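1. Following is a predicted model, sequence given first.
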There are 2 protein chains.
Amino acid sequence: MSSIHWHDILVSDYLLALLIPLVLFVLTLQILGSPQDLPDIIFGYRNARADAVGHFSVQRAAASYGQYAQLSRSELATMRKSYGRMSWAHRRIGYELGYTQKLARLEMSIDTNTIVSDAIANLAREEFADELSHEQHGISGDIGRVRESLKHFVRDWSDEGRTEREKIFRPILDVLRDVPGEKRREMQVLVPGAGLGRLAWEISELGYPTTANELSFFMNLALRFLLSPEHTRGPNQHVLQPYASWFSHQRVTDTLFRKISFPDAVPRLSDNFVLAERDFLSLRVPKGTQGYDIVVTLFFIDTSLNVIETLEHIYAVLRPGGKWINLGPLLWTGGGQAAVELSLEEVLKLAETVGFDVSGEDAPELTRRRTVECEYTADKAAMMRWLYQAEFWVATKKL
Amino acid sequence: MSSIHWHDILVSDYLLALLIPLVLFVLTLQILGSPQDLPDIIFGYRNARADAVGHFSVQRAAASYGQYAQLSRSELATMRKSYGRMSWAHRRIGYELGYTQKLARLEMSIDTNTIVSDAIANLAREEFADELSHEQHGISGDIGRVRESLKHFVRDWSDEGRTEREKIFRPILDVLRDVPGEKRREMQVLVPGAGLGRLAWEISELGYPTTANELSFFMNLALRFLLSPEHTRGPNQHVLQPYASWFSHQRVTDTLFRKISFPDAVPRLSDNFVLAERDFLSLRVPKGTQGYDIVVTLFFIDTSLNVIETLEHIYAVLRPGGKWINLGPLLWTGGGQAAVELSLEEVLKLAETVGFDVSGEDAPELTRRRTVECEYTADKAAMMRWLYQAEFWVATKKL
């Protein structure tokens, strides 16, 4: 009881001393604006602008690539501090296990990856001079999305990613290879959620005029880094250590720091391979046409915050009789962010409602609806894997 | 340019009006305490106490079970609001897909699960009257850990979990079954990180005096719920809908709401099955002995914030010649929370350093070090799975 009593007295004293300025402060705020405005009011225009920068905007992405080294080193410093808090005896064991050496190798990996992330930040400043003309300091970098993009270099553009690509690209490319070569030139293909663009580029290499559509500038800047003859002159010019940042689930320490060269093939923009760096929902049908001939979605539809709108828009940008090829899981954005989170059964019903004929499980082998077991930017050497049962289907926009 | 100018003026006006009370306020704070203390200073003792409650304490766990219904309904309200923000046309499609019905079924699932969570909260109040004598309102419930515990009822104590249990329990139980029955009575087994206690109970059923050791009261309260003759009278008395809260990765909506009965077997405390509800590192050797004969760790060692200390303590509580049986992955607590995050290679080296002989890959089949591919509280019907390559080994404390 005595401790509560002691606290009660202190609380009263504190409150009394704070009361007058607090009341004045709160009253002023209530007259001038809500408490959420406080940072804007105090720190002024620049920070308010930084907060208004979208999660996937070129500003946020450029700032994040630019801050990769600093944020990674700050994480490393936390790990070193945590290690240093152990007893002397434990640190000696840690040293004998080579753990200090392991942290030093992590530091070198950060340096390796920084060469790429800094180059991407520089490219952003060159190619988006207008958009990035304001100070970038107020923008907090998203290191998670930078790491995700770096791993996508592996999935999309390295030898290491070949097996994973093979598994998820093949069902789609097989359908597209079935069209005679001379017909492909006349067919427009759209790939929404194209990411680092490998699938879209492969489709363009088959002879289809292909548009890679991507909203996130974390992806767009990374793809531009490959497309730029100044930054990427030849195959396997760049090196990453993309697995170094996560020590869990490793059999041996060496695999953690393995170097991945990329790109295994060098993409360039052409009449057959163009970018649309914007929200898919803002795309219109190509000028002078009735719509795209084919829309290909890979690990895309479940990223929608309103999948009804997304499927309607796939329908809208296709010409009558056009094809929608899909492969992916159903990992919705949770916490009530997505308006609806559908089961596969419901997605297929929705596709019919919107106006598609979806190939059944009894269709010819090439277009048969089926489950494709696959992984997603996986570390092949790790002791843990996320296994997706992605669903593949081909749907036709009814005439 | 004009918009910046306009802002600059406003900022000055706001700042001027706020300046005097703000300065007074900040000065007072600097004299009396840091800004972090502000909530304590304003709201007093009770909230400061709630913040001091540990993440795994009986207070936090009891409050979380008690708040399950309220927190779940608040999440559901967010989902309904998000759905309601769609256009009328989209809501009509949603209705035809049965989505409003799906949300209604989620609401009923919350009611089903609340019967269990409320019963556990009541049990906590009965069995921990002293610890829970203060008001619980200030404690923010952790719904994630409640859901995790409910899923553990499935893994540990339902028919649905049998396959998963079989896979990860068998290598351990096979070693223990190899000891002649009459010898088992004389051997003390400790299971740190026992969770809902099924493995420890199975070991006790083999005839070993077994101690289930668990730090988290999310787990301990749930296990007590099964152990209590008042709350659990017979097999499959209780029902949960543990998968309802995550709509992703489902083929059909029905599987989302399937009901799981538990427990498939009813555990009771006995001379052979006792609890130690505390931090493993605080355990001592059983009185009048040189130590436990066997320590069994299942999905445990990687939860350590200092695995060197953990392995040393496993060594310390074992008698010379005692066995340590381990099965689990290496998913460390990241962000510099764990002092060291070791690879398998390093963990095995550490075990030798601490004083263990670890069975090699050339040992007899029963104790051979090997990889066990397994899942962890998985939803068997889902389109996505986490696949662990857990490592199994038997180690001997050197004489």
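-> Perfect, I can see it now. Numbers count the residues shown, from 1 in each chain, chains lettered A, B, ... in the order given.
2. shouldn't A:T255 be in contact with A:P242?
-> No: the pair A:T255 / A:P242 is not scored as a contact, 11.8 Å apart, by CB atoms under 8 Å. Where C-beta positions appear, they are placed from N, C-alpha and C, glycine not excepted.
3. So which of those two has more stuff around it?
-> A count of neighbours by other CB atoms under 10 Å in any protein chain shown puts A:P242 above the other of A:T255 and A:P242, at 27 against 15.
4. so the more buried one makes contact with A:W157?
-> No: at 11.7 Å, A:P242 does not count as touching A:W157 under the criterion of CB under 8 Å.
5. Now for the closest residue to A:L269 other than its chain neighbours: which residues touch it?
-> Nearest in space to A:L269, with sequence neighbours left out and distances taken as CB to CB, 6 or more residues apart in numbering or on different chains, is A:L227 at 5.6 Å. Taking CB atoms under 8 Å, 6 or more residues apart in numbering or on different chains, we find A:L227 in contact with A:267-269.
6. Over to A:G334?
-> Going by CB under 8 Å, 6+ apart, A:G334 touches A:341, B:246-248.
7. Closest one to A:L106 out of those residues, please.
-> Nearest to A:L106 out of the contacts of A:G334 is B:S248 (CB to CB; 32.5 Å).
8. Test my guess that the closest one contacts A:L342.
-> No: contact criterion CB under 8 Å: B:S248 and A:L342 do not qualify, at 9.6 Å.
9. Who has more neighbours out of the two?
-> A:L342 (26 against 19).
10. which SS state does that one fall under?
-> Assigned with DSSP: H, G, I helix; E, B strand; the rest coil, A:L342 falls in the coil class.
11. before we move on, what about the one 4 residues further on?
-> Assigned state for A:E346: helix (three-state reduction, three-state DSSP).
12. Most neighbours among the contacts of A:G334, please name it.
-> In terms of neighbours by other CB under 10 Å, the contacts of A:G334 top out with A:E341 at 26 neighbours.
13. State the phi and psi torsions of that one.
-> Main-chain dihedrals, A:E341, degrees, to the nearest 10: phi -120, psi 100.
14. tell me the contacts of it?
-> A:E341 sits next to A:330, A:332, A:334, B:247-248 when contact means CB under 8 Å, 6+ apart.
15. which bits of the stretch 51-200 of chain A sit near chain B?
-> A:75, A:78-79, A:81-83, A:85-86, A:90, A:93-94, A:96-99 (CB under 8 Å from any CB of the partner chain).
16. Closest to B:A390 out of the residues you listed?
-> If you rank these by distance to B:A390 using CB to CB, A:L97 comes first, at 21.3 Å.
17. correct me, but that closest one touches B:V347?
-> No: the criterion here is CB under 8 Å, and A:L97 misses it with B:V347 at 9.2 Å.
18. and the nearest residue to A:A363 once chain neighbours are set aside, how many neighbours?
-> Leaving out its chain neighbours, the residue that sits closest to A:A363 by CB to CB, 6+ apart is A:R369, at 6.8 Å. Other residues near A:R369 number 18, with proximity taken as other CB under 10 Å.
19. what does A:E361 give?
-> Neighbour count for A:E361, taken as other CB under 10 Å: 9.
20. Return the residues in contact with it.
-> For A:E361, the contact set (CB under 8 Å, 6+ apart) comprises A:368-370.
21. Sort out for me which of the residues you listed are in strands.
-> When DSSP state E is applied, these are split such that A:R370 fall in strands.
22. Redo the contacts of A:E361 as JSON lines? Include pLDDT.
-> Shown next, in JSON lines, are these (pLDDT from 0 to 100):
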{"residue": "A:R368", "pLDDT": "96"}
{"residue": "A:R369", "pLDDT": "96"}
{"residue": "A:R370", "pLDDT": "95"}
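23. Kindly reformat the contacts of A:E361 as CSV containing distance to B:P209.
-> Converted to CSV, those look like this (distance: CB to CB, whole Å):
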residue, distance to B:P209
A:R368, 58
A:R369, 56
A:R370, 53
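24. which residues sit in contact with A:G195?
-> A:152, A:156, A:214, A:219, A:223.
25. what's the most distant pair in those?
-> By the measure CB to CB, A:D156 and A:E214 form the most distant pair in the contacts of A:G195, at 11.9 Å.
26. Show me whatever sits in contact with both of the two.
-> Contact criterion CB under 8 Å, 6+ apart; residues shared by A:D156 and A:E214: A:195, A:197.
27. Just the pLDDT at the residue nearest to A:L269, thanks.
-> Note on A:L227: pLDDT of 98.
28. got it, and A:D51?
-> For A:D51, the pLDDT comes out at 43.
29. Can you give me the neighbour number for A:F128?
-> Residues near A:F128, counting by other CB under 10 Å: 18.
30. phi, psi of the nearest residue to it once chain neighbours are set aside?
-> The shortest distance from A:F128 to any non-neighbouring residue, by CB to CB, 6+ apart, is to A:V58 (5.1 Å). Main-chain dihedrals, A:V58, degrees, to the nearest 10: phi -60, psi -30.
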